[in-house]
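Coordinates for the following, if possible.
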Amino acid sequence: SLFGIERARLVGRPFGQFVAVEQRADFNSFLKKVFASQTKQIMDVELLRPEQPPLIVNIAAQCLLNRLECRAAVQDITARKFAETASTQLAAIVNSSSDAIIGKDLNGIITSWNGGAEKLFGYSASEMIGQPVLRLIPPERRHEETQILSRIRQGQSTEHFETVRVTQAGWQRDVSVTVSPIRNAAGKIIGASKVARDITVRKEQEAMVRVSEIRHRRLFETAQDGILLLDPDTRKITDANPFMTKLLGYSHDQLVGKELFEIGLLKDEAASQKMFQRLKRKHEVRYEDLPLESRKGRHQEVEVVANLYQENGHAVIQCNIRDITARKQAEDALRASEGRFRAAVAIVSSLIWTNNAGGLMEGEQPGWGNFTGQTQNAYQGYGWVKAVHPEDAQPTLIAWKRAVANKSLFEFEHRVRRRDGEWRFCSIHALPLLGADGKIREWVGVHTDITERKRAEETQRRLEVLAASNKKLEAEIIRRQTVEQSLKQSEQHQIRLLTQSRLLQAQMQRLSRQILTAQEEERKRISRELHDVIAQTLTGINIRLATLKKEAAVNARGLESKIARTQRQVEKSVDIVHRFARELRPTVLDDLGLIPALHAFMKDFNTRTGVRTHLTAFAGVEQMDIVKRTALYRVAQEALVNVARHAHASRVEVSIQKLADGVSLKIKDDGKSFETERVLQGKGGKRLGLLGMRERVEMVGGTFGIESARGQGTTIIARLPLAAAGGGGGRPLKPRLKSL
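As a prediction, this is how the structure comes out:
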């Protein structure tokens, strides 16, 4: 029955001929083991059957006492092997799935947890198996789990409902969940299988699409240009914005369904058809100046731009219509203004001239001949600098280039040579005229003869010099008399002066310390002012500019880019103000203490320079008064700045340790070393701010030292006496080592 062969035909045939070819060698070895001992041997093999699928069987064989025969029991395990293979494949599919697949019992306790669940929620299988599934559900949604378990107990599935779950990091994720019952071999429901897919990105994209649609609709509704949407096939209007209805005097319903010529935009149907044909060929048609008559007979001139584009697979025509009546009126007014300006130029006594963007004279300058004694043609096509005195030419040219670079008003005084050889003083005021692209189109300038004023000023200066000389002579006489009197003083008076000098020196030292303290207080005040007033004001300006930028999107093309550039400058200014405030004095030093202030500064230092930093601090340092804590902070700040500038280090260790009679601050780097004596005796920046650090430490009664050796980097050590608790604003803390 197992082989599908009659008993008589089986007896006497080798069993091995039914074993799969690739397993026959293993089967022969199996038989040798059977006949070599009296113990039972077991093997799984694949048996071939004539005209039937192969079987997987388990053979249990034991040699008889005569050592000539063995008795074997052959059991068909094909179904079991297939089930094991299917279970293995299913487990592989579950573990490789990118979706979270979670098994749980009817009490909501997790029984299985795949790799997709680890990736989505951040928990490992060992952390979650045996834990309640409520761990993943926000408190306000736990009623969902009760409803799901109720449906599972009734044998019902829950497909694709969207909800929110919580990750290990505390983040909420939008997920799509499918829940199905799990049954045992008897068909009894013993748990549930939950498949959760992360749809956070899809939700965010859907929200962005909704916001985009709302924004585009608001733009359409609030645009200060008329907007019409048309069907390319019928040439009829399908939508119109409120500004268009106001411009024409038609309601929205009256506009929809009409062609352009029917609302007075084009003169007739033929012109409308011609425009649509051009639009289909070029996808854009522009009319700079079209007459338009509203429903009430108001005549106006408009600019029309029509575009053909695809929207959701359908062709759409959009016509933007701008009322340019006011612009036309402004152009007429400008032409009239230019005429009046030219008339004024012809009659004023000062020289009025125009230059092109390159600084060359052009146009009419009627007063030029009276001013210089030269004809206008003598300077036509040249810069006005040609007539400037050689000594004034270079400064004038430098000031001119600065005004050109800044696009600002040019003001200067120089000498101009007349044809008769006389040098006359003149003042020049020139203003740049910018084009729509923001570049200088031309300059308009005015020269005024100030020779008489200059001569009067020169006379006045000479009188002032003479008066100053007289005063100086009188002062010298008085000084000499004073010196003579001083020389007549006795030796006792000189000793008294020496004593007073020493007292004054001591007072100056105390004053120096007071000045440093006052500087620190002033830095604190300036830092708060910058942070609380200036930065908030700049932020307010930035918000206003952002609002103007949105409003300008429909009014002027150039204005938007200008506002955007201004906004970037304000944002940059805000960043500079914040950085400046931190450098003057970090507020965290006063609000939280020395350790948080150092931690914040070192974190920013690591971000800016890439140098790794480590802080170990004795918490009792916060008991010191604010002056000493400030001194320690400034020493650490200056030391780290020196490391960034000169040491080329990769790591800096900062430690604050408790001493028997005070506190020690050490800053050690692994960078280049230097000769301390040579650097301290050097001048200027070569001292690396070390003298400033020493002065701060000694001012508060401490000691300062430097250790630098080749291959060992540099260590700066500052030791300060520890004040009593509560002195100077420190917070009483239990002394301990704190590693940050």
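
Let me know the distance separating L516 from G620.
Here the criterion is Cβ to Cβ, to the nearest Å. By it, L516 lies 25 Å from G620. Bear in mind the C-beta positions are built from the backbone N, C-alpha and C, glycine included.

more crowded one of these two?
G620 (20 against 17; other Cβ atoms under 10 Å).

Please report phi then psi for that one.
As for G620, its main-chain torsions (degrees, to the nearest 10) stand at phi -70, psi -10.

ok, which stretches of the stretch 201-350 of the chain are helices?
All helices of the stretch 201-350 of the chain, identified by DSSP state H, counting those that start in this stretch, fall at 242-248, 252-255, 269-282, 325-347.

What are the buried residues along the second one?
Under the neighbour-count criterion of 16 or more other Cβ atoms under 10 Å, helix 252-255 has L255 buried.

again with the third one
Of the residues in helix 269-282, S272, M275, F276, L279 count as buried by neighbour count, 16+ other Cβ under 10 Å.

Does anything pack onto it? Which helices or strands?
Under the contact criterion of 3 or more Cβ pairs under 8 Å, 6 or more residues apart in numbering; DSSP states H and E, the helices and strands touching helix 269-282 comprise strand 284-293, strand 299-311.

Out of those strands, the one nearest T325 is which?
Of all the helices and strands packed on helix 269-282, strand 299-311 sits nearest to T325, with 4.5 Å by Cβ to Cβ.

The closest one: which residues count as buried?
Taking 16+ other Cβ under 10 Å as the basis for neighbour counts, the residues of strand 299-311 that come out buried are Q300, E301, V302, E303, V304, A306, L308.

Can I get the host helix or strand of V627 in CSV? Just the C-alpha atoms.
For V627, the enclosing helix or strand under DSSP states H and E is helix 626-642. Taking only C-alpha atoms (Å, rounded to 0.1, in the frame of the first residue of the first chain), the coordinates of helix 626-642 have been written out as CSV:
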residue,chain,number,x,y,z
ILE,A,626,29.2,85.3,41.2
VAL,A,627,32.5,87.3,40.8
LYS,A,628,34.7,84.2,41.2
ARG,A,629,32.4,82.0,39.1
THR,A,630,32.5,84.6,36.4
ALA,A,631,36.3,84.7,36.6
LEU,A,632,36.4,80.9,36.1
TYR,A,633,34.0,81.1,33.2
ARG,A,634,36.0,83.8,31.5
VAL,A,635,39.3,81.8,31.9
ALA,A,636,37.7,78.7,30.4
GLN,A,637,36.1,80.7,27.6
GLU,A,638,39.4,82.4,26.7
ALA,A,639,41.4,79.2,27.0
LEU,A,640,39.0,77.4,24.5
VAL,A,641,39.2,80.3,22.1
ASN,A,642,43.1,80.0,22.2
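
Tell me the buried residues in the following helix or strand past that helix?
On the C-terminal side of helix 626-642, the closest following helix or strand by DSSP H and E is strand 651-658. Within strand 651-658, the residues that qualify as buried are V652, E653, V654, S655, I656, K658, counting by 16+ other Cβ under 10 Å.

what pairs with the residue nearest to the fourth one when sequence neighbours are not counted across the strands?
Spelled out, that is S655. Closest residue in space to S655, ignoring its immediate chain neighbours: T616 at 4.4 Å, by Cβ to Cβ, 6 or more residues apart in numbering. Beta bridges link T616 to S655, S739 when assigned by DSSP bridges.

What number of residues are in the vicinity of T616?
Applying other Cβ under 10 Å, I find that T616 has 14 neighbouring residues.

do you know how far it is from G226?
70 Å.

Report the contact partners of the residue nearest to the spatial centre of the chain.
Residue closest to the mean C-alpha point of the chain, counted by Cα atoms, centre = their mean, is E571 at 10.7 Å. Shown in contact with E571 (Cβ atoms under 8 Å, 6 or more residues apart in numbering): N542.

Can you classify it by secondary structure?
Local secondary structure at E571 is given as helix here, using DSSP: H, G, I helix; E, B strand; the rest coil.

Adjust the sequence numbering to begin at 5 for everything that follows.
Understood, numbering begins at 5; the last thing we discussed is E575.

How much space separates Q66 from A76?
Taken as Cβ to Cβ, the span from Q66 to A76 is 8 Å.

next one: L153
Taking Cβ to Cβ as the measure, L153 falls 51 Å from A76.

If you count surrounding residues, which of the two has more?
L153 (19 against 14).

Dump the helices of the stretch 205-354 of the chain to a markdown table, plus mean pLDDT and distance to E148.
Output for the helices of the stretch 205-354 of the chain, formatted as a markdown table (pLDDT from 0 to 100; distance: least, Cβ to Cβ, whole Å):
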| stretch | mean pLDDT | distance to E148 |
| --- | --- | --- |
| helix 246-252 | 84 | 45 |
| helix 256-259 | 86 | 45 |
| helix 273-286 | 82 | 55 |
| helix 329-351 | 72 | 61 |
